[in-house]
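>>> compute the structure for the input listed below.
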Amino acid sequence: MKILRTVKEIQAYAKEMKVAGKKIGLVPTMGALHEGHLTLMRKARETCDIVIASVFVNPVQFGPNEDYEAYPRRFEADCEKLESVSVDAVFHPEPEEMYPEGFSTYVTVEGEITDKLCGAQRPGHFRGVATVVTKLINLARADEAFFGQKDAQQVVVIRRFVEDLNLNVHINMVPIVREESGLARSSRNQYLSAEEKEAALVLSRSLKRAEEAYAHGERNVEKLKSVVKNTLNDEPLAAVDYVDLYSFPGLTPMYTVAEPALLAIAVKIGKTRLIDNTILGKERA
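Numbers count the residues shown, from 1 in each chain. A predicted model of the protein is given here:
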């Protein structure tokens, strides 16, 4: 597996692969890799000749009071995991390589897909995501890029700017990977104490109860949200950031679920902010 640390290195590698006629798959990550990430790599391997992963903790998507400095960085361990799923190259730049002195260009996606959910809770977050993902897609000359459903709003935002900017890449959304307990896999899970990890199971449990209500015919948005909120409120360690339900992928408000819908939650367990979601009804391509 090649380790690429500079813009020039990844550009040269991608050019070489393109000249050889290879189809390139990109999996952007911030490292601290887990089975969810590795599932994305395997999906990329199924459809692409070359798989490039990035391991880059992107400073511009973190707010001033968020966990940028504390975010886990374990590059050597990450490389072992990447090699185990046959990734061809990993791009691991320093922040100043991606944002050199004088950097002043950002990608901003405006409108109702970014003014809610994590976009409302984390001002500037999606500007940072859109900027770094645009750069990574261009640097890797990616034909396909792979992201997890756990960050469903992020996928909607990325698909929006890819279409708006005419980027020649297909964006794949891969279903959430969960631990046996039901907890959605996340790099931030390692912040949790044993007690907090047990408490965090309330996220998936609340969504499952809403899924059951939907399966039994409940279509009222407020009632479905109430099922989730009532379950979350039963857990003393859980502080709810949001519980929301919107059309998917449009993220428009709904009163009744008459089309595919994203039921998304953000909850703080102790000091750790976790997100999870489920899609009610069949996702539209």
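>>> shaky segments in this protein?
In the predicted model, the chain carries pLDDT under 70 at residues 283-285.
>>> again, 80 this time
Across the chain, the ranges flagged by pLDDT under 80 are 282-285.
>>> and residue 270, how many neighbours does it have?
Look at residue 270: counted by other CB atoms under 10 Å, it has 15 neighbours. Yep, even glycine has a C-beta here, placed from its N, CA and C like the rest.
>>> how near is the nearest residue to residue 172 once chain neighbours are set aside to residue 38?
Leaving aside its chain neighbours, residue 172 sits nearest to residue 146 (4.8 Å; criterion: CB to CB, 6 or more residues apart in numbering). The gap separating residue 146 from residue 38 is 11 Å, by CB to CB, to the nearest Å.
>>> picking up where we left off before, so how far is the host helix or strand of the residue nearest to residue 172 off the chain centroid?
Assigned by DSSP states H and E, residue 146 belongs to strand 144-148. From the chain centre to the centre of strand 144-148 is a distance of 9 Å (CA atoms, centre = their mean, to the nearest Å).
>>> ok, it: who's next to it in the sheet?
Counting by DSSP bridges, the strands paired with strand 144-148 are strand 24-29 (parallel), strand 170-174 (parallel).
>>> check which helices and strands the helix or strand that that strand is followed by sits against.
From strand 144-148 onward toward the C-terminus, using DSSP H and E, the following helix or strand is helix 152-164. Under the contact definition 3 or more CB pairs under 8 Å, 6 or more residues apart in numbering; DSSP states H and E, helix 152-164 sits against helix 117-121, helix 125-140, strand 144-148, strand 170-174, strand 261-269.
>>> show me what counts as buried in helix 152-164.
152, 153, 154, 155, 156, 157, 158, 159, 160, 161, 162 (16 or more other CB atoms under 10 Å).
>>> repeat that for stretch 84-103.
Here stretch 84-103 shows 85, 87, 88, 89, 90, 91, 92, 93, 97, 98, 99 as buried, counting by 16+ other CB under 10 Å.
>>> re earlier: ok, residue 146 and residue 38, which is more surrounded?
residue 146 (26 against 19).
>>> pretty sure that one contacts residue 26?
Yes: if you go by CB atoms under 8 Å, residue 146 and residue 26 touch, sitting 7.2 Å apart.
>>> want to throw the strands paired with strand 144-148 into CSV with mean neighbour count and distance to residue 265?
Formatted as CSV, those follow (neighbours: other CB atoms under 10 Å; distance: least, CB to CB, whole Å):
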stretch, mean neighbour count, distance to residue 265
strand 24-29, 27, 23
strand 170-174, 18, 18
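>>> nearest to residue 189, of these?
strand 24-29 (15.0 Å; CB to CB).
>>> could you list the residues in contact with the closest one?
Applying CB atoms under 8 Å, 6 or more residues apart in numbering, the contact partners of strand 24-29 are 14, 17-18, 37, 40-41, 44-45, 47-56, 87, 132-133, 136-137, 140-147, 169.
>>> any quick ChimeraX command for the buried ones out of these?
The following ChimeraX line selects those of the contacts of strand 24-29 that are buried, judged by 16+ other CB under 10 Å:
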select :14,17,37,40,41,44,45,48,50,51,52,53,54,55,56,87,132,133,136,137,140,141,142,143,144,145,146,147,169
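>>> what about residue 275, which SS state?
Here residue 275 is recorded as strand under DSSP: H, G, I helix; E, B strand; the rest coil.
>>> what residues does stretch 224-235 touch?
199, 202-203, 205-207, 209-210, 213-214, 218, 238, 240, 243-245, 257, 263, 265, 267, 280.
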